[in-house]
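Trainee: based on what follows, work out the 3D shape:
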Amino acid sequence: MRLFATATVATLHSLGIARALHIPDNIFSLDDLRGADTRPIEHIYAFGDSYTDSCNLFRTLLSDENQAKVPWPKCPPVPYGRADLGQSWIEIAQDLQPKWNVSNYASSGATCDNRLQNQGRLDIDDEVDLFTTNYGKDSAPHGLQEKPATSLAVLFIGVNDIHLIQQKKWGQLSPPSFSNGTVKDSASCVRDKFKRLHSLGFRRFLLFELPPLDYSAAMGSTPQHALSTANQVAHFNTFARQYADGLLHQWKDDSTISIFPTSKLMTPMMQLNPAYDFKHGQGKYCTAISGGCARPHQYTWTDDLHPSLRVFQLMANAFVRFLDPGFESGPIFSGL
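Mentor: Residues are numbered from 1 along each chain as shown. Alright, predicted model coming up:
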């Protein structure tokens, strides 16, 4: 994924003009957010790609004194370093739930394992290494130093894996990027990263399903590409869930793996369901490059691969309610 430093128009971040949402229960409701480990959380450690990155890749390309350092967040202002040209969803979530201490190690362009899918950026092991060494400041690696019962490891990865796999399939993959594995291999990689985090002391985990990438211009520009991508995403999500269940049976301890329903949440948005007030889908963007727009909340995509700030805002709200059912009263998104 790209480095995000594009200037944007002020209206992109002024989402307060969006009308109040009333989402019918058959589209998405609080019932779809049941099943998570909802015990209190003190610390969240996020790993992933540009869907979550708030400036980590951006900072590594600057001079040493400006590079990203923990504790998070020490990032430049919006839009620098963010894929949606606004706050990343994890920043929005922390604003909604300030009692959470969030550390974000996600880096744009990341894949699960660079030996399988590689486009010259970090992979999840690299990000975990940053966690174990406090961004390289500690000489000896360490595990989780907070209480496992109130610490959550969040993993949102696989978008770039699918993209590279599809690019290879369609003859669009350019060196030095390469793709060696299958969707099942990438889902198996997710299992392996959870195993490593478990060995470091984590006992609470959250995995994001992959979103409906078949609605993106990058992977769904033709009916054939869209169908192929939808199948790949469905297979990844199925395999990842199966592997997560297998880990819990293997560990036989107090570990939990909560799976966030990204696909169920985002699919009606990408289909421009009128309940969400989205009116512009694939190939239509509201950025400074595209000339800006009067109603940024009506766009589902920032570019050909990344959902819009409004989509991520809704996801962040659902994420908080997923983990803390008492956070907000009323139907889903009724406060937005």
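Trainee: how far off centre is the longest helix belonging to the chain?
Mentor: The helix spanning the most residues in the chain, taking DSSP state H as the definition, is helix 223-251. Centroid separation between helix 223-251 and its chain, computed with CA atoms, centre = their mean, to the nearest Å, is 16 Å.
Trainee: likewise for stretch 265-273?
Mentor: 17 Å.
Trainee: quick one: buried residues of that stretch?
Mentor: Residues of stretch 265-273 classed as buried by neighbour count (16 or more other CB atoms under 10 Å): Leu265, Met266, Thr267, Pro268, Met269, Met270, Leu272. For every residue, glycine as well, the C-beta is placed using N, CA and C.
Trainee: just stretch 276-286 next, same as before
Mentor: Applying 16+ other CB under 10 Å to stretch 276-286 flags Tyr276, Asp277, Phe278, His280, Gly281, Gln282, Tyr285, Cys286 as buried.
Trainee: quick one, helices of the chain?
Mentor: 56-60, 89-96, 124-132, 159-169, 183-199, 217-220, 223-251, 262-270, 309-323.
Trainee: now render those as TSV, adding mean pLDDT.
Mentor: Formatted as TSV, those follow (pLDDT from 0 to 100):
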stretch	mean pLDDT
helix 56-60	76
helix 89-96	95
helix 124-132	96
helix 159-169	99
helix 183-199	99
helix 217-220	98
helix 223-251	99
helix 262-270	98
helix 309-323	97
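Trainee: which one of those helices lies nearest to Pro24?
Mentor: Pro24 lies closest, by CB to CB, to one member of those: helix 262-270, at 9.7 Å.
Trainee: Thr256 is in contact with Gly35, correct?
Mentor: No: Gly35 is beyond contact range of Thr256, at 10.1 Å (criterion: CB atoms under 8 Å).
Trainee: hmm, back to that, can you put the helices of the chain in a markdown table and add distance to Phe208?
Mentor: What follows is those, written out as a markdown table (distance: least, CB to CB, whole Å):
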| stretch | distance to Phe208 |
| --- | --- |
| helix 56-60 | 17 |
| helix 89-96 | 10 |
| helix 124-132 | 13 |
| helix 159-169 | 10 |
| helix 183-199 | 10 |
| helix 217-220 | 17 |
| helix 223-251 | 10 |
| helix 262-270 | 5 |
| helix 309-323 | 9 |
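Trainee: and those helices: which comes nearest Leu116?
Mentor: Nearest to Leu116, of the helices of the chain and by CB to CB, is helix 183-199 at 5.4 Å.
Trainee: residues contacting the spatially most distant residue from the centre of the chain?
Mentor: Most distant from the centre of the chain: Ser139, at 29.8 Å, with distances by CA atoms, centre = their mean. Not one residue lies near Ser139 by CB atoms under 8 Å, 6 or more residues apart in numbering.
Trainee: from Thr132, how far out is it?
Mentor: 11 Å (CB to CB, to the nearest Å).
Trainee: quick check: pLDDT value at Ala294.
Mentor: Looking at Ala294, its pLDDT is 85.
Trainee: and if you look at Gly291?
Mentor: For Gly291, pLDDT reads 68.
Trainee: re earlier: flag the least confident of the buried residues of stretch 276-286.
Mentor: Comparing the buried residues of stretch 276-286 by pLDDT, Cys286 comes last, at 90.
Trainee: quick check: it touching Trp301?
Mentor: No: with contact defined as CB under 8 Å, Cys286 does not reach Trp301; the gap is 9.0 Å.
Trainee: overlap in contacts, these two.
Mentor: Ser308.
Trainee: list the buried residues of stretch 115-124.
Mentor: Leu116, Gln117, Asn118, Gln119, Arg121, Leu122, Asp123, Ile124.
Trainee: of these, closest to Glu209?
Mentor: Out of those, the member with the shortest distance to Glu209 (by CB to CB) is Ile124, at 16.6 Å.
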